[in-house]
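Would you be able to build a 3D model of this:
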Amino acid sequence: MKEMEKMAGAVKCKLMGRDMEGWDQKLDLSAYKVELMCLAMYDNVYFVSEDLSTSPSLPVHEDIQGSVSHVCLDRTTLWFCPSTSQSALDTMMDQLNEMATKLIPLNISDLFASQLCVAKFTEDDGLYRARVTRVGEDKVSVFYVDFGNNEDKDMEELFVLPEDFMNLTPAVAKVETENSVSSELEDKLVGVEVVLRMEEGIGKRLAKFCIEGKEMFCCPEQVRVEVETFPVGMKIEVSVGHVETVRVVWVTPKEKVDGMQASQEMVDKVTEVLATQDKLATLASPQIGQMAVARFSEDEMLYRCRVEEEGFVRFIDFGDGEVKEEGMLYKMPLELEMYAVDAFKIELDIEETVLNTEENILMAEEKLIDAENLSLELSQGGLGTFYQGDKMIKLFKHAVEETESVTIPKGNIIEISMSDEEEIEVSDGEDADTDPSLSSQGRVAVTVNVVETVSTVWVTRADSYSALDKVRDQLADLEGQLQPLTGVQVGDLVVARFSGDEELYRGKVTIITDDLASVVFFDYGDTEQQSVDGFMEMPRELRDMEPLAERVRLEGGENFEDSKEMRDHIDIELGKEGLEMLLSDEGKATFWENGEKIQFNIASAGVAEAGGWKVGDKVAYRTASTRW
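So this is what the prediction gives:
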C-alpha cells in the first residue's frame, strides 16, 4: 500500500469511496493482488482507497484557470489550485470548521509520518486537512495537502480526520517553473486568478503563468550587486584592468571617490573573501545578466562575474572575460552583494580613425596597463581621456603631428624657416581648391547622417550600406523578443527605439541622470534622451559588430561659430548624394562632390569674422613635401 510508512503484516482495512458489490469478482480476476492508497490509520484500522491520485490532473498545452496557493523555499516549486477544485475545497473547509467542537484529538499512538489528520493553521486558527511529515520531540511537522505549505504544530493542535473527508483528492497540484520566482512575482501570483499553461521541458513539465493575458516571467534568483556611475568632469586616478578594443577600456579607481564605493581596495576585499571559499554550489542553468563566480583560466583564482550570451562571462571587477562551459560557474556568496561592481567600461575620446587590430590594442595596453600616475577624465559626452600626471596620453601615433593654427592678418609679411630643398607657395586664388597633387586616391564614398556640431559630423561609408541593412533586418525580426535591460550604466550597448520612426536600433548609453539616459545610435549618429526603463539587451552577434557610422572632425570647423545657422549650412552642403570623404593623417575630414572639394561659405550662412583672413578665403601653404 502506498503512502504509509508504518510496517504492516495482515491488517484490518476499510475501503473508502465504493460499496462492496463486485469486489469479490475483482479480487478473483486479479489473483487477490490490488494496489490501494492508504489514506490514514486510526485505532489499527487502515483507511484505503482505489483512487491512487494525489493531486488534480493538469493537461499539457492547455490554459488552466486557477490560483497559486504557495511558493516553496526553492522558489521554483509552486502549488496550484485549479478553479475546478475550488468549490469543493470551500465546501469542505466550511464543514470542517462547523465540526470544530466535535473533532477528536489525535492519539499519540496514531502519530507517525504520512498520517492524514486535521491541523489548526496558526495564521487564521482555521482547520485544514494535513499530512504528518515528521514527528519530533516537541513538535510535529505537517503539510497542508490542499494548499501546499508546511508548519510545525503542537500535539494538541492535531485531530482525527472524519471519514467523509478522507477520500477527497487534494485540491492543489505541484508545478515547477524553469527559473526562480522572485518575491515581487510571488506577491502578484499568490491568491489571485491566474492562467496556468504546462509545457514540455527537458525531462520534465514546466509551468508558465499569465495574468489578464500577460505572461509573468520568472527570472533567476540573483545576488544583486550595485552598479555605480563613473563621475563626469573629474580627473580620477585609475588602474586599467582590460583593453577591450582600441576605443573601449575597463578601469577601476585607485582610491574611493566621494559618493562612490568602487575602488582597488574593494577589489582586494572581494578577492580575499573568494580565496576562503572552497565549497561553492554550482550554478544550474545560468541566465543572462545573472551574477556568479568563476575561475579565471590564467591563474585559476575565483572572481565575480556576470553571465552574458553564448557561455561568455564578464569579470565585473576587472572587465575581461572568457567562455565558460556548463558546471564551471558557481553561486555568488550573498556577503559579496555589499561590494559594488569595481570595473567601469569607458569609451575613449579618439576622434581619428584607428583600426581595431591586435597591434593597436597591444600599443594601448603597453601605455595603460600597470602605468603609474594614470588618471582618467570623463567628458559630459561620456568619453574618456587618459592623463599621466598633467600630460594627456596620445595612445596612437600618426605620420603627421598636429600643429597649432596661426591667424595671419592680411597684408602682413611673414617669415618662415625652411630647409634649402623646400619651396613655399602662398596663394589666395581659386586654384587652391583643385590642386592636381590631391588625387582621388584615399577618398571614399560616404553619406553624411548627422551634423553634430560645426566641427563634427557622423558619416557612413558606402561599403557599410549592406551591413547596415542586415542589422536593420535583424532588429526588425527580433521585435517583441528582446529582454528589458536592468541596471543600466554609462557605456552599455543597448537596443532602443528611435522616436523618429519608432523602429529598433543599436545604441550606446553616454549619460545617465536620474531615470533618464542619453543614447547615441552609433550606426547613424543621432542622439536622444530616453527613459532607462525602455532599453533592451543587445544580442551578442550585434554587440560584436563595429559601429557602422563614424564621428569625424570637419577640416576648418574649429574656425566656425557653432550656431544653428552654420550647422544648417553645413547640413545642406553635406546632405548631397554622391559625396566622397578624404581623411587627413590628423583624422580631419574634407568632403568632395564630382571631384571638387566642398567649401563652406560663412557669408551665406549669416556668420562673419572681422580682421585677418576670413574663413572662406582660399589660402594654401605648401612645401615640397607637405600640404598644410
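
need the strands for the stretch 1-150 of the chain, in chain order.
Counting by DSSP state E, counting those that start in this stretch, one finds strands in the stretch 1-150 of the chain at the ranges 12-16, 37-42, 45-49, 63-71, 77-82, 116-120, 127-135, 140-144, 150-153.

again with the stretch 201-350 of the chain
205-211, 214-216, 235-243, 248-253, 291-295, 302-307, 312-315, 321-323, 329-330, 344-348.

Which positions in the helix or strand that residue 496 is a member of come out as buried?
Assigned by DSSP states H and E, residue 496 belongs to strand 493-497. Neighbour-count burial for strand 493-497 flags 493, 494, 495, 496, 497 (criterion: 16 or more other C-beta atoms under 10 Å). All C-beta atoms are positioned from the backbone trio N, CA, C, and that covers glycine.

In contact with residue 310: list those residues for me.
323, 540 (C-beta atoms under 8 Å, 6 or more residues apart in numbering).

try 7 Å
Going by C-beta atoms under 7 Å, 6 or more residues apart in numbering, residue 310 touches residue 540.

137 is where my numbering starts, stick with that
With the count now opening at 137, the last piece we talked about shows up as residue 446.

Tell me the pLDDT of it.
On pLDDT, residue 446 comes in at 76.

residues near residue 420, how many?
Look at residue 420: counted by other C-beta atoms under 10 Å, it has 10 neighbours.

separation between it and residue 210?
11 Å (C-beta to C-beta, to the nearest Å).

circling back: mind checking the strands of the stretch 337-486 of the chain for the one nearest to residue 710?
strand 480-484 (24.8 Å; C-beta to C-beta).

Tell me the helices and strands packed up against the helix or strand that the closest one is followed by.
Using DSSP H and E, the helix or strand that follows strand 480-484 in sequence is helix 494-504. Helices and strands touching helix 494-504, as assessed by 3 or more C-beta pairs under 7 Å, 6 or more residues apart in numbering; DSSP states H and E, comprise strand 371-379.

Contact partners for the closest residue to residue 390 other than its chain neighbours?
Distances taken as C-beta to C-beta, 6 or more residues apart in numbering put residue 373 closest to residue 390, at 4.4 Å, once the chain neighbours are dropped. By C-beta under 7 Å, 6+ apart, the residues touching residue 373 are 389, 390, 391, 510, 511.

Next, give me the two most distant ones among those residues.
391 and 510 (12.8 Å).

so who does residue 598 touch?
581, 582.

The same query, at a cut-off of 8 Å, please.
Here residue 598 is in contact with 580, 581, 582, 583 (C-beta under 8 Å, 6+ apart).

so of those, which ones are in strands?
Those of those mapping onto strands are 580, 581, 582, 583, per DSSP state E.

which residues touch the first one?
Shown in contact with residue 580 (C-beta under 8 Å, 6+ apart): 597, 598, 599, 716, 717, 718.

same deal with residue 428?
So residue 428 contacts 419, 422, 440, 441, 442, 443, 449, 465, 466, 467, 468 (C-beta under 8 Å, 6+ apart).

In a markdown table: those residues, plus distance to residue 401 and pLDDT.
Listed next are the contacts of residue 428 as a markdown table, based on distance: C-beta to C-beta, whole Å; pLDDT from 0 to 100:
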| residue | distance to residue 401 | pLDDT |
| --- | --- | --- |
| 419 | 27 | 83 |
| 422 | 29 | 79 |
| 440 | 15 | 93 |
| 441 | 20 | 91 |
| 442 | 21 | 88 |
| 443 | 26 | 86 |
| 449 | 24 | 90 |
| 465 | 26 | 91 |
| 466 | 24 | 91 |
| 467 | 25 | 88 |
| 468 | 20 | 87 |
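
ok, of the residues you listed, which one's closest to residue 297?
residue 467 (41.1 Å).

so what pLDDT did the residue nearest to residue 255 when sequence neighbours are not counted get?
Distances taken as C-beta to C-beta, 6+ apart place residue 266 nearest to residue 255, at 3.9 Å, with adjacent residues excluded. With respect to pLDDT, residue 266 scores 92.

hey, what's residue 266 bridged with?
For residue 266, the beta-bridge partners under DSSP bridges are residue 253, residue 280.

What of the one 10 residues further on?
Beta-bridge pairing of residue 276 under DSSP bridges involves residue 271, residue 289.

just checking, it touches residue 291?
Yes. Counting by C-beta atoms under 8 Å, residue 276 touches residue 291, with 6.3 Å between them.

rewinding a little: ok, the contacts of residue 598 vs residue 146, which is closest?
Nearest member of the contacts of residue 598 to residue 146, counting by C-beta to C-beta, is residue 583, at 92.2 Å.

Neighbours of that closest one, how many?
21.

can you tell me how far it sits from residue 281?
Taken as C-beta to C-beta, the span from residue 583 to residue 281 is 69 Å.

tell me the contacts of the closest residue to residue 179 other than its chain neighbours?
Of all residues not flanking residue 179 in the chain, residue 246 sits nearest, at 7.3 Å (C-beta to C-beta, 6+ apart). The contact partners of residue 246, taken as C-beta under 8 Å, 6+ apart, are 177, 178, 179, 296.

do that again at 10 Å, thanks
142, 176, 177, 178, 179, 180, 253, 268, 294, 296 (C-beta atoms under 10 Å, 6 or more residues apart in numbering).

and the longest helix for this structure?
The helix that spans the most residues within the chain, counting by DSSP state H, is helix 219-234.

So which bits of that one are buried?
221, 225, 228, 229, 232.

Tell me how far the third one lies from residue 254.
Between residue 228 and residue 254 the distance, using C-beta to C-beta, works out to 11 Å.

okay, and the common contacts of these two?
Listed as contacting both residue 228 and residue 254 by C-beta under 10 Å, 6+ apart are 264, 265, 301.

What distance do you get for the first one to residue 258?
Meaning residue 264. Taking C-beta to C-beta, one finds residue 264 at 11 Å from residue 258.

Fine, thanks again, bye for now.
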